[in-house]
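Peer 1: this is a predicted model, with the sequence first.
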Amino acid sequence: MKKNVKVQVNNLCKSFGDLKVIEDCSFQIKEGEFVCVVGPTGCGKTTFLNVLSNLLEPTSGEVLIDGEKASPRKHNLSFIFQEPSSLPWLTVEKNIAYGLKAKNKDKKYIQEQTEKILDLMGLQKYRKAYPAELSTSSEQKIVIGRAFAVNPDLLLMDEPYGQMDVKTRFYLEDEVIRMWKELQKTIIFITHNIEEAVYMAERVLILSNKPAKVKDEVVIDLPHPRRVDDPRFIEIRNYITEQIKWW
Ligand SMILES: Nc1ncnc2c1ncn2[C@@H]1O[C@H](COP(=O)(O)OP(=O)(O)OP(=O)(O)O)[C@@H](O)[C@H]1O
């Protein structure tokens with residue numbers, strides 16, 4: 001079945017004064033697609049996300065979500081950042097419900113959605129606990145659950161697992177993939193870790209050094225769960241590395 005275009009980016013440019021950070025980026029993301037964007041440190045990834053979500057106005061060009069100019073007021077955007085972002089003063093269940101309450105959803109919907117996410121994330125047994133009482137990976141699961149709970153048009157992830165040890169990183173990546181498959185949300189995941197991008201995404205956009213342009217895109221035609229020692233995985237990872245080894 002042909003999927004609708006969810007995000008359409010046309011000739012996007014962003015400068016701060018004379019500093020060009022993003023130059024003429026154009027691409028499409030389909031509804032329910034999982035796209036990783038890889039780019040070097042300081043190339044403008046955060047600016048890229050901020051312009052995509054229209055937290056920053058583009059200098060020129062446009063970002064459309066479902067055919068309309070992207071806007072945090074109109075569209076339901078969820079973010080997961082590198083910094084720990086569970087709310088330490090709220091229990092697990094209240095963390096999950098937080099975004100729904102902020103969006104003034106009705107009580108019954110909030111309850112149903114919170115239960116569904118607690119079940120999906122395997123967090124029922126911790127529902128009355130506070131984030132500080134949990135392990136790092138369980139705490140991160142709260143953040144993933146909260147991001148999916150609001151039923152986002154677009155989930156934007158900015159290097160969320162860059163600082164994690166390898167085991168925790170793979171575990172959380174698998175959790176994100178599982179939730180994405182279950183709830184079929186559209187995800188843009190930014191990382192400088194090529195292995196992470198090839199492990200997770202259906203498609204990888206490769207940004208150039210600043211000013212960031214989309215230098216290439218690679219479709220990852222491997223089923224999940226992926227094996228990092230699969231010859232095709234290694235071939236794709238090596239290809240992307242070749243594109244960017246001058247970083
Ligand atoms: N509000 C701003 N005003 C002026 N310059 C800015 C502003 N925001 C970002 N920049 C500049 O834009 C460039 C890209 O910054 P940005 O934070 O988007 O990069 P990044 O790829 O996210 O960095 P990192 O990999 O370190 O997270 C940097 O040179 C930064 O100094």
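Peer 2: Noted; the coordinates are in hand. Please read these numbers as outputs of a predicted model, since none were measured by experiment. Numbers count the residues shown, from 1 in each chain.
Peer 1: which parts of this structure are strands?
Peer 2: Here the chain has its strands, by DSSP state E, at 5-16, 19-30, 34-38, 60-65, 68-69, 77-80, 154-158, 187-191, 203-207, 214-219.
Peer 1: helix or strand with the lowest mean pLDDT in the chain?
Peer 2: helix 45-52 (a mean of 87; mean pLDDT, DSSP states H and E).
Peer 1: near the ligand, anything from it?
Peer 2: Yes. Contact of helix 45-52 with the ligand (C-beta under 6 Å from any ligand atom) involves Lys45, Thr46, Thr47. The C-beta positions use only the backbone N, C-alpha and C, and glycine is treated the same way.
Peer 1: Leu207 versus the second one, what's the distance?
Peer 2: Read it as Thr46. Separation of Thr46 from Leu207 (C-beta to C-beta, to the nearest Å): 12 Å.
Peer 1: can you name the residues bridging to Ile65?
Peer 2: Val7, Glu68 (DSSP bridges).
Peer 1: ok, now which ones touch it?
Peer 2: For Ile65, the contacting residues are Lys6, Val7, His75, Asp153, Leu154, by C-beta atoms under 8 Å, 6 or more residues apart in numbering.
Peer 1: swap in 6 Å and give it another go.
Peer 2: Ile65 is in contact with Val7, His75, Asp153, counting by C-beta atoms under 6 Å, 6 or more residues apart in numbering.
Peer 1: pull out the buried positions in the longest helix out of those in the chain.
Peer 2: For the chain, the longest helix by residue count, based on DSSP state H, is helix 166-183. Within helix 166-183, the residues that count as buried by 16 or more other C-beta atoms under 10 Å are Arg169, Phe170, Tyr171, Leu172, Glu173, Glu175, Val176, Ile177, Met179, Trp180, Leu183.
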